[in-house]
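Undergrad: below is the structure, and that's it, no one-letter string:
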């Protein structure tokens, strides 16, 4: 937080879904780079790089699918980042202008499910890494991981940024050595680098999961840029977010593919990392796992922080809530408790289906990101009456039918193209041999339909209202009052 006493309570962040006034804006734009690098550069991301290999693809085409999926998926995610400094709001509350004061509950429900799902997976993975190196049982470590992550999330925005910067520097050393060791010591099956061994289905499966994983970060992005001053440029905000996230994601997914190609059917995330690390030198596998656990704790904190913001937004849509420290603490504690319950109840079957979960996330957020970005960059061009976002009877209405219809239609036209492991394959996906191209269907349909439905919006009148309410919004935010 800023040095202003208005923005702090004993160093703990007070703000949540409320607007951040200009006198509390702070931070450096380059901080977005290490934050998004380290958010992706952790071993949960490594699991995303396994789809093509386990589906019969060869190593070379798996690597190309990872790079292509990351390049595309991160493109959409990074454009959300510029919304934070301009609006001073967390990401999901920005759905109200498209979906309405109450209608935004639709996407908030899906967002909260995503936060919960990732937290279950991350906390189990971190606990497994700690148990493998320090022993003590997985369940006690699940509790320890959750408590530490809760403490970090409670302190809030600034400590999360700082922790991710420190972890980035350590990551470059530890995983730099680990990566070089993998490249020099591991051997891969014959045909791993054969360009002629292309198979369409595993390539598209890998591409889709990677793109979905990167797009899934879209619901977080403005949360960690909203305290930046509004004079930072869209272009530079995009670049720092894009390259940080893309480099971290590609690095870890490539490691996952390399390890899976080396270990074959015996691959298991924790034990394979441990074994590969020990090939560099004895005991190095344990060092890698201990650091990996810290990375997973940090991303669990990110999920708790975002989950808290989403939960507060949802409650506020039903009954107005004054965002206070006690509200933050209550929603963080509830999110942490759900994470623990889910992790302790999860089975190995849940972990095996993590990639199916990633695909479901992709399906749910393709229409949302299309609508949100079309609204911000094309329809309203970044001009919003922020005070009206918190007004249940304001200009954005209770139900934003333009956004809701565009979302539902975009999702519906994707369904025939879904291909989710053994769970479901739509008729179009079956006709394509199991290949999933739903991403290329839902994005343009939702975006273009939303543009068409909103052609009659009086954007200039909205911009005039925003200018008229700006001074009152700043005063209310500085005094922690509702606008």
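TA: Sure, I can see it. Quantities reported herein were computed from a predicted structural model and do not represent experimental measurements. Numbers count the residues shown, from 1 in each chain.
Undergrad: remind me which residues of the stretch 351-483 of the chain are low pLDDT?
TA: For the stretch 351-483 of the chain, the stretches flagged by pLDDT under 70 are 351-355, 358, 421.
Undergrad: could you redo the last one with a cut-off of 80?
TA: 351-362, 420-423, 433-436, 482-483 (pLDDT under 80).
Undergrad: quick one: the strands in it?
TA: Counting by DSSP state E, counting those that start in this stretch, the stretch 351-483 of the chain has strands at residues 419-420, 424-425.
Undergrad: and those strands, which is most packed in?
TA: strand 419-420 (a mean of 22; mean count of other C-beta atoms under 10 Å). No exception for glycine: its C-beta is placed from N, CA and C like everyone else's.
Undergrad: parallel or antiparallel, list what pairs with that strand.
TA: According to DSSP bridges, strand 419-420 has the following sheet partners: strand 424-425 (antiparallel).
Undergrad: got a list of contacts for the strand it pairs with?
TA: With contact meaning C-beta atoms under 8 Å, 6 or more residues apart in numbering, strand 424-425 is reached by 418, 419, 434.
Undergrad: same thing with stretch 180-188?
TA: By C-beta under 8 Å, 6+ apart, stretch 180-188 touches 59, 255, 258, 259, 261, 262, 276, 277, 279, 280, 284.
Undergrad: looking at these, which is nearest residue 84?
TA: Taking C-beta to C-beta as the measure, residue 84 sits nearest to residue 255 out of these, at 29.9 Å.
Undergrad: surely that closest one meets residue 48?
TA: No: using C-beta atoms under 8 Å, residue 255 is not in contact with residue 48; the gap is 10.7 Å.
Undergrad: low-confidence ranges, the stretch 201-350 of the chain, go.
TA: 263-267, 346-350.
Undergrad: swap that for the stretch 51-200 of the chain, please
TA: In the stretch 51-200 of the chain (pLDDT under 80), the answer is 51, 54-57, 188, 190-192, 194, 196-197, 200.
Undergrad: for it, what spans make up the helices?
TA: Remark: helices assigned in the stretch 51-200 of the chain by DSSP state H, counting those that start in this stretch are 51-54, 59-81, 83-87, 96-99, 105-134, 138-155, 157-185, 200-216.
Undergrad: can you tell me which of those is most buried?
TA: The stretch of the helices of the stretch 51-200 of the chain with the highest mean neighbour count (mean count of other C-beta under 10 Å) is helix 96-99, at a mean of 28.
Undergrad: show residues contacting that helix.
TA: 104, 106-107, 371-372, 375, 380, 384, 389, 396, 399-400, 402-404, 407, 450.
Undergrad: drop anything exposed from those.
TA: 104, 106-107, 371-372, 375, 380, 384, 389, 396, 400, 402-404, 407, 450 (16 or more other C-beta atoms under 10 Å).
Undergrad: from the residues you listed, which ones fall inside helices?
TA: Among the buried ones among the contacts of helix 96-99, DSSP state H puts 106, 107, 371, 372, 389, 402, 403, 404, 407, 450 in helices.
Undergrad: of the residues you listed, which is the nearest to residue 231?
TA: Distances from residue 231 to those, taken by C-beta to C-beta, are shortest for residue 389, at 21.6 Å.
Undergrad: could you dump the contacts of strand 424-425 to TSV with distance to residue 441?
TA: Below are those laid out as TSV (distance: C-beta to C-beta, whole Å):
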residue	distance to residue 441
418	10
419	12
434	16
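Undergrad: closest one of those to residue 11?
TA: Residue 11 has its nearest neighbour among the contacts of strand 424-425 in residue 418, at 46.1 Å by C-beta to C-beta.
Undergrad: returning to that earlier point: out of residue 255 and residue 48, which sits in the busier spot?
TA: More crowded of residue 255 and residue 48, by other C-beta atoms under 10 Å: residue 48, with 25 against 22.
Undergrad: so the more buried one sits against residue 253, correct?
TA: Yes: Residue 48 lies in contact with residue 253 (C-beta under 8 Å); the separation is 5.2 Å.
Undergrad: what number of residues lie near the closest residue to residue 404 other than its chain neighbours?
TA: Nearest residue to residue 404, sequence neighbours excluded (C-beta to C-beta, 6 or more residues apart in numbering): residue 103, at 5.3 Å. Applying other C-beta under 10 Å, we find 23 residues neighbouring residue 103.
Undergrad: with residue 88 instead?
TA: 26.
Undergrad: who's in contact with the nearest residue to it once chain neighbours are set aside?
TA: Once flanking residues are discounted, residue 88 sits nearest to residue 20: 4.2 Å by C-beta to C-beta, 6+ apart. If you count contacts by C-beta under 8 Å, 6+ apart, residue 20 has them with 88, 89, 226, 227, 477.
Undergrad: residue nearest the centroid of this structure?
TA: The centroid of the chain falls nearest to residue 217 when counting by C-alpha atoms, centre = their mean (2.2 Å).
Undergrad: quick check: the gap between that residue and residue 166.
TA: For residue 217, the distance to residue 166 equals 21 Å [C-beta to C-beta, to the nearest Å].
Undergrad: cool, and residue 281?
TA: Counting by C-beta to C-beta, the gap from residue 281 to residue 166 is 25 Å.
Undergrad: before we move on, the earlier item: which among the contacts of residue 20 gets closest to residue 365?
TA: residue 89 (18.4 Å).
Undergrad: pretty sure residue 237 contacts residue 85?
TA: Yes: Residue 237 lies in contact with residue 85 (C-beta under 8 Å); the separation is 6.4 Å.
Undergrad: just give the nearest non-adjacent residue to residue 222, would you?
TA: In space, residue 222 is closest to residue 84, 3.5 Å off (C-beta to C-beta, 6+ apart).
Undergrad: and for this structure, the residue most distant from the center?
TA: Most remote from the centre of the chain, using C-alpha atoms, centre = their mean: residue 190, at 36.0 Å.
Undergrad: contacts only, for the nearest residue to residue 210 once chain neighbours are set aside.
TA: Counting by C-beta to C-beta, 6+ apart, residue 69 is the residue found nearest to residue 210 once chain neighbours are left out, at 2.9 Å. Residue 69 makes contact with 206, 207, 208, 209, 210, 211, 213, 214 under the criterion C-beta under 8 Å, 6+ apart.
Undergrad: and residue 40, by the same measure?
TA: Going by C-beta under 8 Å, 6+ apart, residue 40 touches 217, 244, 245, 248, 249, 252.
Undergrad: let's see that with 10 Å instead.
TA: Residue 40 is in contact with 48, 70, 74, 213-214, 217, 244-253, 295, 299, counting by C-beta atoms under 10 Å, 6 or more residues apart in numbering.
Undergrad: so how far is residue 463 from it?
TA: 36 Å.
Undergrad: quick one: buried residues of the longest helix along the chain?
TA: When the chain is parsed with DSSP H, its longest helix is helix 284-318. Under the neighbour-count criterion of 16+ other C-beta under 10 Å, helix 284-318 has 284-289, 291-317 buried.
Undergrad: mind listing what's buried in the helix or strand following it?
TA: Next helix or strand after helix 284-318 toward the C-terminus (DSSP states H and E): helix 325-345. Using 16+ other C-beta under 10 Å as the test for burial, helix 325-345 gives 325, 327, 328, 331, 332, 335, 336, 338, 339, 340, 342, 343.
Undergrad: got CSV for those, with distance to residue 272 too?
TA: Shown next, in CSV, are the buried residues of helix 325-345 (distance: C-beta to C-beta, whole Å):
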residue, distance to residue 272
325, 43
327, 42
328, 38
331, 37
332, 33
335, 31
336, 29
338, 30
339, 25
340, 27
342, 25
343, 21
